[in-house]
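J.: Turn this into a model:
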Amino acid sequence: MELSTSTCVKANLFGHSSSFTCLKDFRKCSVINSRRCWRSRTSLLRISKLERPRKPILLAMATGKLQEALPPVLDSTSEPPSIFDGTTRLYICYKCPFAQRVWIARNYKFQISSAVCSNSIAWLSLCDEQGLEEVIKLVPIDLQNRPSWYKEKVYPENKVPSLEHNNKVRGESLDLLKYINEHFEGPPLLPDDPAKLECAEELISYCDKFNAAFRNAFKSMEDIENQIRGPLDQLEHTLSRFDDGPFFLGQFSLVDIAYAPFIERYGPFVADVWKYDITAARLKLASWIEEVNKIEAYTQTKNDPKMLLERNKQRYGVIPL
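T.: Numbering: from 1, shown residues only. Purely as a prediction, here's the structure:
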């Protein structure tokens with residue numbers, strides 16, 4: 001596809017000002033790329049022959065946002081990928097909050113700073129021989145019509161998420177968050193501070209109890225506000241624990257990733273059905289939601305709020321008031 005572009009625009013990738021040249025046929029361009037921007041190391045990444053498929057492909061829009069072109073969903077009619085060929089794959093469902101957790105972590109590890117691109121649309125490839133050392137490839141699965149090969153050849157539990165890495169497949173979202181943080185280079189998802197690490201373990205352990213409280217409340221349909229008040233107040237209290245940032249451990253971490261997909265679903269659901277605002281009198285939680293929605297690694301994984309709302313209504317058999 002041929003696109004008209006300006007001959008030169010300014011981009012800011014990984015925090016470094018650089019020239020970004022795009023010819024009309026999009027076959028030659030150069031950007032300043034950092035393989036380890038969190039360590040302040042830079043190298044020149046030259047990208048050529050962009051008509052050739054690369055992975056992952058990102059679209060830098062004129063808004064300055066970089067958005068990954070998501071792969072199509074695989075169902076029972078789809079052929080399997082080349083399993084155990086050395087490629088690292090994250091099997092997910094776009095609508096699943098558990099899979100969304102690991103998807104966010106994957107994005108954050110390989111994040112790119114916003115690019116300021118005016119008068120052009122630029123295709124960038126980040127998985128070249130000179131690019132990132134490891135890229136986790138997304139493989140979305142249709143859970144309503146899942147392919148048989150997923151259970152037979154990939155993950156016998158037949159659930160998502162699962163991670164294929166070093167010719168082994170691992171599962172369970174919270175375990176995978178820790179695994180990705182420990183085994184892939186990128187911005188750390190846990191701090192070194194012992195007090196914060198202890199708090200992280202407490203919150204990770206509490207996460208299942210938090211979600212169970214909401215699920216039980218939705219199933220009972222009785223006294224919803226009183227059932228969820230305690231868990232929400234617990235989050236509000238924990239968000240007051242560290243004062244060096246708006247997140248659970250001060251700075252964005254694995255803990256925020258663990259809770260974000262569920263707050264994304266619970267808040268609008270109780271607001272629509274029971275007219276209850278989960279942020280009412282919870283200023284820390286309100287600020288946390290606002291700040292989480294500024295993290296591109298998360299926003300790139302968000303679903304249509306209306307779709308999530310309808311899914312929850314169907315799941316719990318809710319008749320709106």
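
J.: Show me the residue at the heart of this protein, geometrically.
T.: Compute the mean C-alpha point of the chain, and by C-alpha atoms, centre = their mean the closest residue is I104, 1.9 Å away.

J.: and the longest helix for the chain?
T.: helix 194-220 (DSSP state H).

J.: Pull out the buried positions in it.
T.: 196, 199-200, 203-204, 206-207, 210-211, 213-214, 217-218 (16 or more other C-beta atoms under 10 Å). Every C-beta, even on glycine, is put in place using the N, C-alpha and C of the backbone.

J.: and if you look at stretch 301-310?
T.: 301, 303, 308-309.

J.: So what sits opposite the nearest residue to K159 once chain neighbours are set aside in the bridge?
T.: Using C-beta to C-beta, 6 or more residues apart in numbering and skipping the chain neighbours, the partner closest in space to K159 is G171 (6.4 Å). Using DSSP bridges, the beta-bridge partners of G171 come out as S162.

J.: any idea how far stretch 209-221 is from the chain center?
T.: Relative to its chain's centre, stretch 209-221 lies at 24 Å (C-alpha atoms, centre = their mean, to the nearest Å).

J.: actually stretch 86-93, sorry about that
T.: 14 Å.

J.: what does stretch 170-188 give?
T.: Using C-alpha atoms, centre = their mean, the offset of stretch 170-188 from its chain centre is 13 Å.

J.: do the same with stretch 201-210
T.: With C-alpha atoms, centre = their mean, you get 20 Å for stretch 201-210.

J.: on that earlier part again, to what extent is the residue nearest to K159 buried, counted in neighbours?
T.: By other C-beta atoms under 10 Å, 18 other residues sit near G171.

J.: unless I'm mixing things up, it is touching P161, no?
T.: Yes - at 6.9 Å, G171 and P161 qualify as touching, with contact defined as C-beta atoms under 8 Å.

J.: tell me, what's touching the two both at once?
T.: Common contacts of G171 and P161 (C-beta atoms under 8 Å, 6 or more residues apart in numbering): none found.
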